[in-house]
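[1] Below are the sequence and a predicted model; questions follow.
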Amino acid sequence: MLATVDRPSTLVDLPTVRRRRARAASAPAAPAPRVAAPASPGSTADVLRIIADPRTPTYVTVFANGRRRYSYWRPIDPATGAGGCYAALPTAECDELQASGRITLGEPVVDPNRTTYRVRTAARVPQTPARPAVAPERRRVA
């Protein structure tokens, strides 16, 4: 127990040392394979909404071992006071958006063990009509 300086009568419990469990003599069990849940249209739309918001800069970090991590800056919510930190986005949904051409990666920033790209929504190109509209011929009256 430890008495605090400004409150001499208040005692604080200090954390105790955690004891590690003894490792088994046999080989450690292999972790269960992670199965990604199929992306629902709602979650993909939420991810795209976050990426499209200019207040939430979004990045993907590609590590040297090939692991990718999508993250964005969560602004502070004045009502709750929460935010002001980086938050992760679901990798499966972001990969689907990139494969479908809905998001693009910016210029790389290369570090020794990772490369970081800015993620932005892809610019929508207006579709041109299959047949261009042709003005009817004008006949000259003599």
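    Nice, thanks for sending it over.

[2] May I ask you to name the longest helix in the protein?
    Assignment by DSSP state H gives helix 41-52 as the longest helix of the chain.

[3] which element follows it toward the C-terminus?
    Downstream of helix 41-52, the first helix or strand assigned by DSSP states H and E is strand 58-63.

[4] Would you mind listing where the protein has pLDDT under the threshold?
    1-42, 124-136, 142 (pLDDT under 70).

[5] which residues of it fall in helices?
    Under DSSP H, the chain gives helices at 41-52, 91-99.

[6] most packed of those helices?
    helix 91-99 (a mean of 17; mean count of other C-beta atoms under 10 Å). In this view, the C-beta of every residue, glycine as well, is placed from N, C-alpha and C.

[7] Show me what it is packed against.
    Contacts defined by 3 or more C-beta pairs under 8 Å, 6 or more residues apart in numbering; DSSP states H and E place helix 91-99 against helix 41-52, strand 68-74, strand 103-110.

[8] what angle separates that helix from strand 58-63?
    On the basis of axes from the mean of the first three to the mean of the last three C-alpha atoms, to 10 degrees, helix 91-99 is oriented at 100 degrees to strand 58-63.
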